[in-house]
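Visitor: Curious how this folds, go ahead:
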Amino acid sequence: MPPAVAALIVLATIAAMELVAWASHKYVMHGFGWGWHRDHHEPHDKLLEKNDLYALVGAAMSISMFALGSPLVLGAAAWEPATWIGLGILCYGVIYTLIHDGLVHQRYFRWVPRRGYARRLVQAHKLHHATTSKEGGVSFGFVIARDPAALKRELRDQRQAGIAVLRQALED
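Guide: Now for the predicted structure:
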């Protein structure tokens, strides 16, 4: 496979993973998977959360793709693009970890951005955490962040419609 095609597969996979992450966050983590995700929305001082199990799901997806693309595992039946898809999933996982766990939740380093897109990411995710239950909510993506003012309006409308329950500080 030409290197340019492999690179395009990796980049397309990274982009597609933001859509997969958004849908997983909205419909799985805030749906039937809330049991693993709940503690991520609650204050705690633990190093790990049940929510971190979702990283293992992402790792399993990446490892599975590497296996499907490996002649060492599948011999002649290996499908080479799967290797590059696996690498794209892995790269998205690294980006997610740096942005979500590192920048937004400051689990690995302390830096509060004052302007630019990094600030917008932090604001959008903080607004996601404004709800106290799995219902309602905004900003389910991890790398693409909508305008915080629009997210605040959406949260207000959800609260008024009885869909979302907001933390006390945001209701005032």
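Visitor: Which helix runs longest in the protein?
Guide: Secondary structure of the chain read by DSSP state H shows that its longest helix is helix 3-23.
Visitor: Determine the set of other helices and strands touching that helix.
Guide: helix 80-96 (3 or more Cβ pairs under 8 Å, 6 or more residues apart in numbering; DSSP states H and E). Bear in mind the C-beta positions are built from the backbone N, C-alpha and C, glycine included.
Visitor: between the helix it packs on and helix 3-23, how big is the angle?
Guide: With axes from the mean of the first three to the mean of the last three Cα atoms, to 10 degrees as the basis, helix 80-96 and helix 3-23 are set at 50 degrees to each other.
Visitor: and for helix 80-96, what are the contacting residues?
Guide: By Cβ atoms under 8 Å, 6 or more residues apart in numbering, the list of residues contacting helix 80-96 from outside reads 1, 6, 9-14, 16-18, 21, 55, 58-59, 61-70, 142-143.
Visitor: Could you do stretch 53-68 as well?
Guide: Outside stretch 53-68, the residues that reach it (Cβ under 8 Å, 6+ apart) are 24, 29, 33, 36-37, 73-74, 78-79, 82-83, 85-87, 89-90, 92-93, 96-97.
Visitor: Can you get me a residue count around P71?
Guide: Counted with other Cβ atoms under 10 Å, the neighbours of P71 add up to 11.
Visitor: What of L87?
Guide: 20.
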